[in-house]
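Below is the structure, and that's it, no one-letter string:
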């Protein structure tokens, strides 16, 4: 089968009048046509952070207020800007443009805390902050941001947060959110970067707040939940590959030369960081007494000798943190410690 090319374009009917803009767009779209042969030759999706974020994509990181979303986004940004691995995931080294639409006052301290924690200095010009709430539903702001993205050619652009860069938009409107998707896609087209939006979720929900148009357009969707110092990342959508298993990390205080801040720590989670004594007791019991065999809810509660409410709260917390999995079913549970070697 012959691939499409400009030479195969049929001439316009002389009797049909076309304005120059229509003719240009006609040429753009017609020459973009590919047959099955050329489709196989199109570039394959490439990772920005292996198994986590993709290059040339639009992605969302969401969670409730105070659940470390911005710390995680900054952690990714710093790893890309320095070429450092993220939790043993190889990273594509490149510039980062971070739009700090809210909370700009503490970003200097957070960046400094990351450098101290990782013992790495971010090179000048690699991580650029824009402490301005650009409006991604305004044509002028979108056009200018696309110009900046085209000039900088960043590997990652972070928009933190969606609410602050879409002031006045109706998040439940598929039209308004469709316009937002079109705007971020314009940045992606101009830079070939991963465009990562930091977004809130509904108070009573566990998904992206607002229209389903967002999730439908996303390459990657990741949810952050925080319990004490522990932060769990769940990958709810990965369009171009398998979804990664839940990841546990920690947000810890970091002392600075002047003042203090916090940063993400990625060393294995220890029992002492889990939180409630009931959770510690239950996890230790599962590990030491039931090993890889596991135990049902009834057997485990009898062995733990805990009040029913305390037991269920503790086991649910351990499951939500990714420390324990139910290898059975809802009606016939079998709780097992996940990744026991990391907990010793």
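Looks like it arrived, so ask away. Computed from a predicted model, the values in this text were never measured in an experiment.

which stretches of the stretch 1-150 of the chain form strands?
Secondary structure of the stretch 1-150 of the chain (DSSP state E, counting those that start in this stretch): strands at 47-49, 53-54, 57-63, 96-100, 127-130.

for the last one, packing partners?
Under the contact definition 3 or more Cβ pairs under 8 Å, 6 or more residues apart in numbering; DSSP states H and E, strand 127-130 sits against helix 69-82, strand 96-100. From N, CA and C alone the C-beta is placed, and that goes for glycine too.

what's the angle from the shortest one to helix 69-82?
Right, strand 96-100. Put simply, strand 96-100 runs at 160 degrees to helix 69-82, going by axes from the mean of the first three to the mean of the last three Cα atoms, to 10 degrees.

let's have the chain start at 25 instead
With 25 as the first residue, the last one maps to strand 120-124.

How far off centre is strand 120-124?
Put simply, strand 120-124 sits 15 Å off its chain's centre (Cα atoms, centre = their mean, to the nearest Å).

quick one: average pLDDT of that strand?
Strand 120-124 carries an average pLDDT of 97.

next one: stretch 348-364
Per-residue scores along stretch 348-364 average to 84.

so can I have a markdown table of the helices and strands packed on strand 151-154 showing mean neighbour count?
Listed next are the helices and strands packed on strand 151-154 as a markdown table, based on neighbours: other Cβ atoms under 10 Å:
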| stretch | mean neighbour count |
| --- | --- |
| helix 93-106 | 24 |
| strand 120-124 | 25 |
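
Using TSV, lay out those together with distance to residue 247.
Converted to TSV, those look like this (distance: least, Cβ to Cβ, whole Å):
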stretch	distance to residue 247
helix 93-106	9
strand 120-124	21
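
Tell me which of the strands of the stretch 25-174 of the chain lies nearest to residue 325.
For the strands of the stretch 25-174 of the chain, the distance to residue 325 is smallest for strand 81-87, at 30.7 Å, taking Cβ to Cβ.

pLDDT below threshold where in the stretch 125-274 of the chain?
Scanning the stretch 125-274 of the chain for pLDDT under 70 picks out nothing.

hmm, back to that, looking at the strands of the stretch 25-174 of the chain, which is nearest to residue 348?
Checking those against residue 348 by Cβ to Cβ gives strand 81-87 as the closest, at 21.3 Å.

which neighbours does the closest one have in its sheet, and in what orientation?
strand 218-224 (parallel), strand 244-251 (parallel) (DSSP bridges).

and the ones you listed, which is most packed in?
By mean neighbour count, with neighbours taken as mean count of other Cβ atoms under 10 Å, strand 218-224 ranks first of these at a mean of 25.

And the contacts of it?
Here strand 218-224 makes contact (Cβ atoms under 8 Å, 6 or more residues apart in numbering) with 72, 77-89, 93-94, 97, 100, 179-187, 208-209, 211-212, 232-233, 238.

Please check those and keep the buried ones.
Buried members of those, counted by 16 or more other Cβ atoms under 10 Å: 72, 77-88, 93-94, 97, 100, 179-187, 208, 211-212, 232-233, 238.

which one is residue 91 nearest to, not counting chain neighbours?
Spatially, and ignoring its direct neighbours in sequence, residue 91 is nearest to residue 250 (4.1 Å; Cβ to Cβ, 6 or more residues apart in numbering).

In contact with that neighbour: list those residues for me.
Counted by Cβ under 8 Å, 6+ apart, residue 250 has contacts 87, 90-92, 256, 275.

just those now: which is nearest residue 246?
Out of the contacts of residue 250, the member with the shortest distance to residue 246 (by Cβ to Cβ) is residue 87, at 8.9 Å.

Residue nearest the middle of the protein, spatially speaking?
By Cα atoms, centre = their mean, the chain has its centre lying nearest to residue 85, at 3.8 Å.

Run a quick check on that one versus residue 248, I expect a contact.
Yes: with contact defined as Cβ atoms under 8 Å, residue 85 reaches residue 248; the gap is 6.5 Å.

Mutual contacts of the two, please.
Listed as contacting both residue 85 and residue 248 by Cβ under 8 Å, 6+ apart are 93, 96.

Where do the helices of the stretch 125-274 of the chain begin and end?
131-142, 163-176, 186-189, 198-215, 237-241 (DSSP state H, counting those that start in this stretch).

Please name every helix or strand in contact with the longest one.
Contacts defined by 3+ Cβ pairs under 8 Å, 6+ apart place helix 198-215 against strand 81-87, helix 163-176, strand 180-184, strand 218-224, helix 237-241.

Show me the contact partners of that helix.
Residues from elsewhere that reach helix 198-215, judged by Cβ under 8 Å, 6+ apart: 80-82, 160-161, 166, 169-171, 173-174, 176-178, 181, 183, 186, 190, 193-195, 217-219, 221, 234-238, 241.

Report the buried residues of it.
200-201, 203-205, 207-208, 210-212, 214-215.

again with stretch 331-345
By 16+ other Cβ under 10 Å, the buried positions in stretch 331-345 come out as 334-335, 338-339, 341-342, 345.

try stretch 313-322
314, 318-319, 321.

just stretch 165-183 next, same as before
Neighbour counts over stretch 165-183 (16+ other Cβ under 10 Å) mark 165-166, 169-170, 172-173, 176, 178-183 as buried.
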